[in-house]
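Student: Model the structure of this input:
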Amino acid sequence: MKNNLILSKYKVEKIQGTNAVFDNRTFFGSKMVDIENTIIVDNSVIQYSEVLDINDKRNSGFQYYKDINEVEKNYLIILDLLKSDNQTMTLLSQNAIDLTINTNWLLIVDWKTILTEYLFYKLKEARTFKTITYHDITKENVNLYVHEYINENLINRYDFSTIDLYVEYFELDQHDKDEDVKLAYNPTFDVSVRKVENKINNVNSVKIGNLLNINYKQTKSSKTMMFKYYFDLNIIRIWKIINNLMKD
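Tutor: Numbering: from 1, shown residues only. Prediction:
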């Protein structure tokens, strides 16, 4: 008699399914995580916890099914610091008059690194890879695996959209020449200037690979004024960009 219960001959075991970093999407779906349509990297704070094992680095990055305060170490991620570490403001080559009256600056932002780290922190916050150990993956520890997962599956689903640039001017101390020298031509990245009235309209940004180049011309003389600046990044999911173009 023909046996129609062939499946009963096979043993079914639960597997983690994390060894392969790259997720091959199929018609029936995959384990790809659900991602945001738009991301605004502003002045928010992200908090997560994980195991930090100084004796065995392979355990670093492990998260239990639920947050266990007495075992896992808590991390508070300030996005201001993430952006500050991945940007530079430098003087452009210019004549002496422009240098003094309308100083030209170049702001360079590593938006891809900022996005990658943002996604990493959000995945850790959501405990997306909870209970996954180094035995289940091909990397040295969970955090290295999560970073590679982002690079292979998530980062190429986003693109830079716009940058919100904020600039505020402050007078140099005319009574202290030493202080003036220290402050002049030394703009600082500072979240305190993130105000509606300080937002710059029509920011000219050029995306070159992983970097953004933003030209900024000082509107007040460097003889008497210095400025502080800040920015938020707006990043959009690629399919949404395509949908918007089709509507236009």
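
Student: Which stretches in the chain count as helices?
Tutor: Under the criterion DSSP state H, the chain contains helices at 79-85, 96-101, 111-126, 142-149, 177-183, 238-247.

Student: Show the contacting residues for the closest residue in space to Val167 that isn't next to it in sequence.
Tutor: Nearest non-adjacent residue to Val167, counting by C-beta to C-beta, 6 or more residues apart in numbering: Tyr229, 4.9 Å away. Yep, even glycine has a C-beta here, placed from its N, CA and C like the rest. By C-beta atoms under 8 Å, 6 or more residues apart in numbering, the contact list for Tyr229 reads Met89, Leu107, Leu165, Tyr166, Val167, Glu168, Pro187, Thr188, Phe189, Asp190, Val193, Tyr216.

Student: Could you measure from the nearest residue to Lys57 once chain neighbours are set aside over to Ile40?
Tutor: Spatial nearest neighbour of Lys57, excluding adjacent residues (C-beta to C-beta, 6+ apart): Asn141 at 5.8 Å. Using C-beta to C-beta, to the nearest Å, Asn141 is found at 30 Å from Ile40.

Student: Same question for Leu91.
Tutor: 29 Å.

Student: Equivalent analysis for Val71, please.
Tutor: Counting by C-beta to C-beta - Val71 and Ile40 are separated by 33 Å.

Student: Comparing these two, which residue is more hemmed in?
Tutor: The neighbour comparison of Val71 against Ile40 (other C-beta atoms under 10 Å) goes to Ile40, with 15 against 11.

Student: just checking, that one touches Ile163?
Tutor: No. Using C-beta atoms under 8 Å, Ile40 is not in contact with Ile163, being 10.9 Å away.

Student: where do the strands sit along this protein?
Tutor: 38-41, 45-50, 73-78, 87-91, 104-109, 158-171, 188-189, 205-208, 211-217, 225-237 (DSSP state E).

Student: Quick check: which of these is nearest to Thr133?
Tutor: strand 45-50 (12.1 Å; C-beta to C-beta).

Student: starting at the chain centroid, how far to the closest one?
Tutor: Offset of strand 45-50 from its chain centre (C-alpha atoms, centre = their mean, to the nearest Å): 14 Å.

Student: strand partners of that strand, parallel vs antiparallel please.
Tutor: If you go by DSSP bridges, strand 45-50 pairs up with strand 73-78 (antiparallel).

Student: what does the partner strand contact?
Tutor: Val45, Ile46, Gln47, Tyr48, Ser49, Glu50, Val51, Leu52, Tyr121, Lys124.

Student: Give me the distance from that strand to the chain's centre.
Tutor: 15 Å.

Student: buried set for it?
Tutor: Ile77 (16 or more other C-beta atoms under 10 Å).

Student: With just CA atoms, put it into PDB.
Tutor: Output of strand 73-78 as PDB, limited to C-alpha atoms (Å, rounded to 0.1, in the frame of the first residue of the first chain):
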ATOM      1  CA  LYS A  73      24.800  46.600  30.100                       C
ATOM      2  CA  ASN A  74      22.700  49.600  29.200                       C
ATOM      3  CA  TYR A  75      23.800  52.000  26.500                       C
ATOM      4  CA  LEU A  76      22.400  55.500  25.800                       C
ATOM      5  CA  ILE A  77      23.100  56.700  22.300                       C
ATOM      6  CA  ILE A  78      22.900  60.400  21.600                       C
END
